[in-house]
Every structure is written in C-alpha cells, then in structure tokens.
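> dropping the sequence and predicted coords here.
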Amino acid sequence: MTTLIGRDSEISQLEHCYNSGRPEFVVVYGRRRIGKTFLVREFFDNKFAFSFVGGHNESTQMQIQRFAYALQEQFKQAILPKLETWIDALHTLSRLLESLPGNERKVIFLDEMPWMDMPKSRFMTALEIFWNSWASARDDIMLVACGSATSWVIEKILNNVGGLYGRVTRQIYLRPFTLKECEQLIKAKHGQWDRYQITQAYMALGGVPFYFDMLDVNQSLAQNIDHLFFANGARLASEFEQLYATLFKYPDNHIAVAKALAEHPGGLTRKQISSYTKLEGGGLTKVLNNLKKCDMIDDFNQFHSKTQAVYHLIDLYSLFYFKFVENNNIKDQKYWTHHINTPPIYNWQGHAFETVALRHIEEIKSKLGISGVATACYAWHNKEAQIDLVIERADRVINLCEMKFARQQFEITKEYAEKLRNRMGTFLSSTKTRYGIILTFVTTFGVVKSMYGYMAQSEVTLDDLFESPK
C-alpha cells in the first residue's frame, strides 16, 4: 500500500474489518471524485478475490455479460460462465469463491454498485440472496461496496427496510479533504505553494482530492484555474453536470436548489428556497436531505429562534461554477489571469472564505481552546444585521465570528468599528442573551494592532485553519 494522504480513520476501520474474523459487509460512499475507489484499491493493493465496476447508464444485459467476463478472467476459467440474471451472476461468484483454497480472507470489491441497480434488473434481490443465504455465514468473506450516488447508497443499502436491513457491518463515508490534507497533497506533488495559494485553490475546488491532483504545481494558481475552467476542453468546466448526474437520479431539482443558494450568499430558508425553485412538500424535503447528505449544502438554525433554519451552499466547486463558469459568455481562455484583480473576484473570495471557515469549525474551536467545551453553532440575522457563525458555549460565553479574506493583515477602521459595535448591540438587544460576548475574527493573516484593533477580542488565522484539531 502506498502512503495515503489523510483518511487515517477510514484506513483504521478497513483494517479492523479485514482482521475481524467474521463476515463483513462494508459500504464506502461519498461524492464523485472524493477518492473512494483509490482508497479501497490502495488499501488492499488491488489484491481482491474478485472485483467488478458497474457501468453508468449501461444495460443490465451488458453489465451481466461483463460480469461473466470478469469471472472468467479473475478465476481463470476455461469456459465463459452462462449468466442471464444477477442471481445467476452472484450465485456463480459464490461457487467460484468456494473453490478457492485456504481459509484466508476473501475480499470482494463491487465498485459503483448503484449503477448495477438498473430498472427491472432485480440486482438488489440478488444481492440480498447472496449476502443472507451465503456470504453472511462465511467468516472469510469481506464484501466492500462503493458508490458515488450517495442518495442511492443511503436509501437502498444503509436504510434498507427489506432483506438487507441491518446487514451492513461498517459504513465509511468519505468527506472532502481539509485544508491541511490539501496541503499534504500539494507537498506530495513537490509543490512549493504557500497556504494563501492553497486556500485560494480550495475556494475554487473544494476539498476534492481528484481536483487537487489535477493541479500543475509548476504553474501559478491563475494559470491552473484558466486551464481547468476556461481553456478549450477545460476538464472542470464539463464536470458539473456529470457530478450532479452521478450523485442524484433526477439531478435537475438538486441543481435548481444549489443555484438558488449560490445566488444568495447569506443563505435561504426552506420557504425562500421553495419560492425560488417552485419545489415544495416532500419533494423539496427529499432534495434538501440528499444535498445535505452529499456535503453540498448545510443548514444552520437561527440562534435561539423559532424561525426556519438557513441553508447555505457549501460545495465550493459548485459555488465557483455558478459564479464564473456557467454563464461565461466572454469565452476568454485566460479569464482568471485577466480578471484576478477585479471586484467580482474580490467579492467571490470574501464569500468563499466564509464557506471555507464554516467547513473548518473544529479547527476554529481548537484555536479558541474550546474543543473540550460543549458548543452549539448557529447563524443569526434580522433586518438590521447578520452574523454567519455564532458559537454558543457551555461556559456561558458566545463567540460571534467575523470572517475576512485579505491579502495582508486586516485593518479595522473607525467606520468598521462603529459597524461592529452596532451589530453586537443589535444582537444583544434582539436575543436578550446574558452570556458573555467575544468578537472573534477569522482572517487570512490576522488583524492589524491599531487604534481599533482591540475590537478583535480573539483571532483565528489561516495557519490555524491548517492545524489538526486538538
């Protein structure tokens, strides 16, 4: 196994299951390009008793035929197995596995399992029979199933109410990389980028390892952004539709919600989302739940309020796509290089940095020394003011977090200090909280120690976001 970046917990879980001495049904899932297949193949060093990859939009007949070829090749059979159904396919697999000598662990890897479950394929019935009537009684069997269609994995496997109810022995969900893990990936590519550049890349790519691996560390970030998003044949310009089509069976409604949230950086309530998208009822609930389970959106309850939670689009790749790629009618292949010092990009950087901070709340709490303190995180706004992150602590203190992206230390001017005082006053009078208030600045390089710098009662810098939580 090569050195894997991050994924320490996931590797530990795979090791535990491999050595458990009992039948294991392990599900590894997460969004497209997050590294599921890479993790499994690297961990097992591509040494499987059997492996098969489902085909996107491939007919059931074609997939079963490919399955037969895979059985013939991997088990070195002289005759191609005759398979007509998935029940035939998995039954034949069980018989061939039984023919293997020894009692050592036999790992079966079924990649992109959701693609095997075509309409009328009866794949799920076959899988239930395979596991319940054979594999679950074999202490040497470890079935590893992967899938990018997160909503399918959750609905059909993890929340199965039929024959597979409670059968999964371990579920491993791969989340996007943190800033620290992206830095490790850049260093593994022998890149010399500083944390400011890596953060800017993160704001466009999110923590998706596959996207970061596309970066040419010998070129500038601007050159990379142009190459990946704006040049002829740019790979990430065409990635968007494939991403949503892979994640969701009917992606149009999910895209509509994501786009509405992208157009409202302050977030939207469910009622507002319904107004913009015309989705409502159970249909909207399902879309929101699916997007949240895939780490595309998140919701924050309003601080001590009965009003609806506010939803934010937290997938940074989608934010970048909606802002700069979707309607890029200029056709400038060096758009980023030519516009890097313009107001639209400055405005996007401010919003994107807020999202980066929201994806690193544990790192923020670690820097503030409150990792061991029970906390609850909220958003808050009224007609006069808005605070993106409110951290309420069990020690009766509240951190009001102000996120600022800047090229150098951020300076609090007289006018901005007045704005901050008014915002805090509005928060206190509106919420009537009796907790102590600490105004916390989350910035790239800290706050200038000036006449009004005292307003920043605590600080979190970019370097702190790159540290592992303690």
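Yep, that arrived.
> contacts and neighbour counts: CA atoms only from here.
Noted.
> which phi and psi does Q72 have?
phi -60, psi -40 (degrees, to the nearest 10).
> measure the nearest residue in space to it that is not next to it in sequence to E73 for me?
Distances taken as Cα to Cα, 6 or more residues apart in numbering place L80 nearest to Q72, at 5.6 Å, with adjacent residues excluded. Distance of L80 to E73, computed by Cα to Cα, to the nearest Å: 9 Å.
> residues making contact with stretch 410-430?
384-386, 404, 443, 445-450, 452-453, 455 (Cα atoms under 8 Å, 6 or more residues apart in numbering).
> how does it look with 7 Å?
A385, G446, V447, V448, Y452, G453 (Cα atoms under 7 Å, 6 or more residues apart in numbering).
> what about the longest helix anywhere in the chain, distance to the chain center?
Selection of the longest helix in the chain by residue count, based on DSSP state H, yields helix 414-431. From the chain centre to the centre of helix 414-431 is a distance of 34 Å (Cα atoms, centre = their mean, to the nearest Å).
> next, the buried residues of that helix.
Within helix 414-431, the residues that qualify as buried are A417, L420, R423, M424, T426, F427, counting by 16 or more other Cα atoms under 10 Å.
> and what of stretch 23-39?
Neighbour-count burial for stretch 23-39 flags 23-32, 34-37, 39 (criterion: 16+ other Cα under 10 Å).
> so how far does it reach from one end to the other?
When the termini of stretch 23-39 are compared using Cα to Cα, they are 21 Å apart.
> if I look at the residue nearest to D295 when sequence neighbours are not counted, how far off is M116?
Distances taken as Cα to Cα, 6+ apart place D315 nearest to D295, at 6.8 Å, with adjacent residues excluded. With the distance defined as Cα to Cα, D315 ends up 27 Å from M116.
> what's the answer for F324, then?
35 Å.
> between the two, who's got more neighbours?
More crowded of F324 and M116, by other Cα atoms under 10 Å: M116, with 24 against 18.
> list the contacts for the closest residue to that one other than its chain neighbours?
Leaving aside its sequence neighbours, M116 sits nearest to G54 (Cα to Cα, 6+ apart; 5.3 Å). Applying Cα under 7 Å, 6+ apart to G54 gives the contacts Q63, D111, E112, M113, W115, M116.
> was I right to think the fifth one contacts F52?
By that I understand W115. No - between W115 and F52 there is no contact under Cα atoms under 7 Å: 11.5 Å.
> the two: which is more packed in?
When neighbours are counted by other Cα under 10 Å, W115 and F52 differ, and W115 comes out ahead with 22 against 17.
> what packs against the helix or strand bottoming out on mean pLDDT in the chain?
The helix or strand of the chain with the poorest confidence is helix 150-152; it has a mean of 86 (mean pLDDT, DSSP states H and E). On a contact count with 3 or more Cα pairs under 7 Å, 6 or more residues apart in numbering; DSSP states H and E, helix 150-152 meets no helix or strand.
> quick one: name whatever helix or strand follows it.
Using DSSP states H and E, the next helix or strand after helix 150-152 towards the C-terminus is strand 170-173.
> mean confidence for that next one?
Across strand 170-173, the average pLDDT comes to 96.
> do stretch 110-126 as well
For stretch 110-126, the per-residue pLDDT averages 95.
> for it, output the C-alpha coordinates as PDB.
What follows is stretch 110-126, C-alpha atoms only, in PDB (Å, rounded to 0.1, in the frame of the first residue of the first chain):
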ATOM      1  CA  LEU A 110     -18.100  -4.100  -6.100                       C
ATOM      2  CA  ASP A 111     -17.400  -0.600  -7.300                       C
ATOM      3  CA  GLU A 112     -20.200   1.800  -8.400                       C
ATOM      4  CA  MET A 113     -22.800  -0.600  -7.100                       C
ATOM      5  CA  PRO A 114     -25.700   1.900  -7.700                       C
ATOM      6  CA  TRP A 115     -25.100   1.700 -11.500                       C
ATOM      7  CA  MET A 116     -25.800  -2.100 -11.300                       C
ATOM      8  CA  ASP A 117     -29.300  -1.400  -9.900                       C
ATOM      9  CA  MET A 118     -30.900  -0.600 -13.300                       C
ATOM     10  CA  PRO A 119     -34.800  -0.600 -13.500                       C
ATOM     11  CA  LYS A 120     -36.100  -4.200 -13.500                       C
ATOM     12  CA  SER A 121     -32.600  -5.600 -13.100                       C
ATOM     13  CA  ARG A 122     -33.500  -7.200  -9.700                       C
ATOM     14  CA  PHE A 123     -30.000  -6.600  -8.600                       C
ATOM     15  CA  MET A 124     -31.000  -5.800  -5.100                       C
ATOM     16  CA  THR A 125     -32.900  -9.000  -4.800                       C
ATOM     17  CA  ALA A 126     -29.800 -10.900  -6.000                       C
END
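> list the buried residues for it?
110-118, 121, 123-124, 126.
> now those residues in TSV, with secondary structure and distance to Y244?
Output for these, formatted as TSV (DSSP: H, G, I helix; E, B strand; the rest coil; distance: Cα to Cα, whole Å):
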residue	secondary structure	distance to Y244
L110	strand	22
D111	strand	18
E112	coil	15
M113	helix	17
P114	helix	14
W115	helix	14
M116	helix	18
D117	coil	18
M118	coil	18
S121	coil	23
F123	helix	23
M124	helix	23
A126	helix	28
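> which one of the residues you listed is nearest I340?
Closest approach between the buried residues of stretch 110-126 and I340, by Cα to Cα: E112, at 38.7 Å.
> which residues touch S468?
E363.
> what average pLDDT does the longest helix of the chain get?
Rounded mean pLDDT across helix 414-431 is 94.
> would you map the strands across the stretch 201-350 of the chain?
268-269, 297-300, 310-313 (DSSP state E, counting those that start in this stretch).
> contact partners of the first one?
Which is strand 268-269. In contact with strand 268-269 (Cα under 7 Å, 6+ apart) are residues L261, Q308, A309, V310, Y311, H312.
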